[in-house]
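**Q** got a predicted structure here, sequence first:
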Amino acid sequence: MAEKKTSAARERAGASRLSAVRAPGRRTAIIVAVLLVVVGWPVLSALLGGYERTSGGEIAVVRNGGFFDNNRIRQVIDPGSGRVWIGLYSQVHKYPAQQRFYTITSDARKGEESGVDVVTVPSSDGVNMGIEGTLYFTLNQDHKALRRFDDKYGTRKFRSADGGTYNVYDGDKGWSAFLDQIVRPVIDNDLRSQINSFRCAELVSSCALVQNSSAPKNVQTAGQQAQSNNGNIAKVQNAINTSLATDLEQTLGGEFVTNIHFNLVRVTLPSKVQDAVDRAQAAFAQISEAQAKVASAKAEAAANKARQDGYNKCPTCARIEELKALPQGITVYAPGNPNGSLLRD
């Protein structure tokens with residue numbers, strides 16, 4: 001009996017010692033697991049994040065961004081690349097690599113800026129004209145030029161039309177903010193310079209209807225201008241295409257955009273001027289209608305006179321025409337009968 005008690009005591013002591021040995025082991029495993037989560041996961045994320053690639057429509061500028069590194073440009077990744085090692089904690093600035101456009105239009109659903117967006121510039125004779133069009137261009141993908149562009153514009157923010165501030169590489173909003181703040185003033189200035197060299201009627205023929213001159217001369221001038229204003233609009237468009245390339249290079253500080261083309265879509269008049277044109281056109285239409293009625297009446301009178309002259313020369317012909325005009329079904333025709341000259345079946 002005593003031996004059994006001694007054996008049980010020994011087992012309990014052994015279990016206590018084994019439990020004491022296992023407890024530090026569990027604590028160590030827990031500590032190691034916590035360290036792996038706290039330290040290992042960020043390291044693993046940094047390693048996985050050290051790779052980058054671009055799609056077919058974008059090009060990327062990579063800047064150093066490590067704890068002990070500088071912030072200089074590390075490399076440029078061309079469009080449609082595979083996964084490329086860019087280093088730990090590097091910053092990636094992605095820019096559009098395909099053709100872009102900037103639209104100025106009175107259609108609130110299609111313009112780059114919210115609401116109605118039209119460039120209003122005066123003609124040489126002082127009429128404010130609304131210009132609508134689209135600028136097409138491509139960001140220069142030369143690595144040297146792109147590095148300069150990122151140094152100059154990728155390191156600052158731009159205010160958009162909605163009041164927010166964005167980096168130029170912050171998707172469509174950032175790109176639009178850059179265009180609104182930097183490129184749009186150049187477009188406006190070029191349009192102002194070119195439109196100011198033409199009179200209103202040279203670009204919009206209906207302007208001739210409301211200028212200070214007599215009505216017949218206005219109508220004649222409008223007809224002449226209708227044949228030439230399309231050619232003048234083409235001249236404006238070609239001049240803008242020539243000047244925009246130079247002005248954008250000077251303004252941006254380098255040849256950062258290429259394949260520049262401005263398509264002048266529409267030239268409009270201020271609402272009050274357009275209302276005056278509409279009224280003038282309506283008045284001329286009424287004059288034309290009245291003149292047509294007068295001409296018709298004269299022609300009808302001349303026809304009646306000629307017809308009567310014929311009847312005077314040929315009374316029988318008049319009687320024949322009179323018989324032809326009788327209704328169908330008449331069997332007796334007695335013009336001198338006071339009781340009735342027409343008898344029916």
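**A** Nice, I can see it.
**Q** and the helices in the stretch 51-200 of the chain?
**A** In the stretch 51-200 of the chain, the helices defined using DSSP state H, counting those that start in this stretch lie at 143-153, 171-178, 184-195, 200-203.
**Q** of all those, which lies closest to Val121?
**A** For these, proximity to Val121 was assessed by C-beta to C-beta; helix 184-195 is nearest, at 4.4 Å. All C-beta atoms are positioned from the backbone trio N, CA, C, and that covers glycine.
**Q** buried sites along that closest one?
**A** Residues Arg184, Val186, Ile187, Asn189, Asp190, Leu191, Gln194, Ile195 are the ones in helix 184-195 that count as buried (16 or more other C-beta atoms under 10 Å).
**Q** my read: the third one touches Leu264, true?
**A** No: with contacts counted by C-beta atoms under 8 Å, Ile187 stays clear of Leu264, the gap being 11.1 Å.
**Q** for Tyr166, which residues are in contact?
**A** Tyr166 makes contact with Lys157, Phe158, Ser160, Lys173, Gly174, Ala177, according to C-beta atoms under 8 Å, 6 or more residues apart in numbering.
**Q** what number of residues lie near the nearest residue to it once chain neighbours are set aside?
**A** Among residues not flanking Tyr166 along the chain, Gly174 sits closest, at 3.8 Å (C-beta to C-beta, 6 or more residues apart in numbering). By other C-beta atoms under 10 Å, the residues close to Gly174 number 21.
**Q** circling back: can you tell me which of the contacts of Tyr166 are buried?
**A** If we count by 16+ other C-beta under 10 Å, these have these buried: Lys157, Phe158, Ser160, Gly174, Ala177.
**Q** tell me the two of these that are most distant?
**A** So, these by C-beta to C-beta: farthest apart are Lys157 and Ser160, at 9.8 Å.
**Q** wait, which of the helices of the stretch 51-200 of the chain is closest to Thr242?
**A** helix 184-195 (9.5 Å).
**Q** mind listing residues that contact that closest one?
**A** Here helix 184-195 has contacts from 102, 104, 119, 121-123, 129, 131, 135, 203, 236, 239-240, 243-244, 247-248, 251, 262, using C-beta under 8 Å, 6+ apart.
**Q** swap the cut-off to 6 Å and go again
**A** Helix 184-195 is contacted by residues Val119, Val121, Ile131, Val236, Ala239, Ile240, Ser243, Leu244, Asp247, Leu248, Thr251 when judged by C-beta atoms under 6 Å, 6 or more residues apart in numbering.
**Q** just the buried members of the residues you listed?
**A** Applying 16+ other C-beta under 10 Å to these flags Val119, Val121, Ile131, Val236, Ile240, Ser243, Leu244, Asp247, Leu248 as buried.
**Q** which residues sit in contact with the last one?
**A** It refers to Leu248. Here Leu248 is in contact with Val186, Val257 (C-beta under 6 Å, 6+ apart).
**Q** go again using 7 Å as the cut-off
**A** Val183, Val186, Val257, Ile260 (C-beta atoms under 7 Å, 6 or more residues apart in numbering).
**Q** state the distance from it to Gly231.
**A** 26 Å (C-beta to C-beta, to the nearest Å).
**Q** what about the closest residue to Phe149 other than its chain neighbours, neighbour count?
**A** Using C-beta to C-beta, 6+ apart and skipping residues adjacent in sequence, the residue nearest Phe149 is Phe256, 4.7 Å away. By the criterion of other C-beta under 10 Å, Phe256 has 21 neighbours.
**Q** could you measure from Phe256 over to Phe137?
**A** 10 Å.
**Q** ok, which stretches of the protein are strands?
**A** 51-52, 58-63, 73-77, 84-85, 91-96, 100-104, 119-122, 128-139, 157-159, 165-167, 257-268, 330-333, 342-344 (DSSP state E).
**Q** out of those, which gets nearest to Cys207?
**A** Nearest to Cys207, of all the strands of the chain, is strand 128-139, at 9.0 Å by C-beta to C-beta.
**Q** right, and the residue nearest to Tyr166 touches Ser160 too?
**A** No: assessed by C-beta atoms under 7 Å, Gly174 is found out of contact with Ser160, at 8.2 Å.
**Q** give me the pLDDT for Gly56.
**A** Predicted confidence (pLDDT) at Gly56: the value is 88.
**Q** quick one: it and Gly80 touch, right?
**A** Yes: when contacts are counted by C-beta under 7 Å, Gly56 is listed as touching Gly80 (4.4 Å).
**Q** out of those two, which sits in the more crowded spot?
**A** A direct count of neighbours by other C-beta under 10 Å for Gly56 and Gly80 places Gly80 higher, at 13 against 9.
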